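Asker: next comes the sequence, and after it the predicted model I'd like to discuss.
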Amino acid sequence: MPKKFKSLDYLLKPDNKFNSKLITKFVNSMMWDGKKNASTKILYKALDEVAKKINDAAPIDIFNKALDNVKPQVEVRPKRIGGATYQVPMAVPPKRQVSLAIRWILLSTRKKKGKPMHLKLADELAAAYKGEGDAMMFRQNVHKMAEANKAFAHFAY
């Protein structure tokens, strides 16, 4: 096996309902213990709930806009220079943007207690669609850190 595994996007099959590879990627990230069918049902229920809350758009459009809102544009990466480690702001590659957005939405969804998963996910997707919520806080914190370390931008490799 190679030292660093890279996922192969061309092997990813689009989901049945929306024909979207992004939905499949989200389901695969949400899945626990190989329960893909359960994760798919939860996501579809959540998208139906979001579509009821936000009447002006299709569920897939809401999902895509929520993910686009949460995607970070810059992040800080540590770089060691002359014995000191600097946090250097760098642009985030597109694949990492998507994976971070998915991870942050799921993290903030799982943090909430007291509701079924599809309702928590629907609330988080609706909040991300509007540009608010915990997932957006993750993004804002990353952007703030990059802004604070803008002085070290000339160290970018």
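Answerer: Right, received. Where do you want to start? Numbers count the residues shown, from 1 in each chain.

Asker: let me see the ranges of the helices in this structure.
Answerer: Along the chain, the stretches classed as helices by DSSP state H are 21-30, 36-53, 59-70, 94-111, 117-130, 134-148.

Asker: now the third one: buried residues?
Answerer: Read it as helix 59-70. For helix 59-70, a neighbour-count test (16 or more other Cβ atoms under 10 Å) marks Pro59, Ile60, Ile62, Phe63, Asn64, Lys65, Ala66, Leu67, Asn69, Val70 as buried. All C-beta spots, glycine's among them, are computed from the backbone N, C-alpha and C.

Asker: for the residue nearest in space to the middle of the chain, which non-adjacent residue is closest in space?
Answerer: Nearest to the mean C-alpha position of the chain, counting by Cα atoms, centre = their mean, stands Ala101 at 1.6 Å. What sits nearest to Ala101 in space, not counting adjacent residues and going by Cβ to Cβ, 6 or more residues apart in numbering, is Val70, at 4.1 Å.

Asker: is it true that that neighbour touches Asp134?
Answerer: No. If you go by Cβ atoms under 8 Å, Val70 and Asp134 don't touch, sitting 10.0 Å apart.

Asker: flag the shaky bits of the chain, pLDDT-wise.
Answerer: For the chain, the stretches with pLDDT under 70 are 1-2, 157.

Asker: coming back round to it: turn the helices of the chain into JSON lines, columns for distance to Arg77.
Answerer: Listed next are the helices of the chain as JSON lines, based on distance: least, Cβ to Cβ, whole Å:
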{"stretch": "helix 21-30", "distance to Arg77": "22"}
{"stretch": "helix 36-53", "distance to Arg77": "31"}
{"stretch": "helix 59-70", "distance to Arg77": "20"}
{"stretch": "helix 94-111", "distance to Arg77": "11"}
{"stretch": "helix 117-130", "distance to Arg77": "25"}
{"stretch": "helix 134-148", "distance to Arg77": "10"}
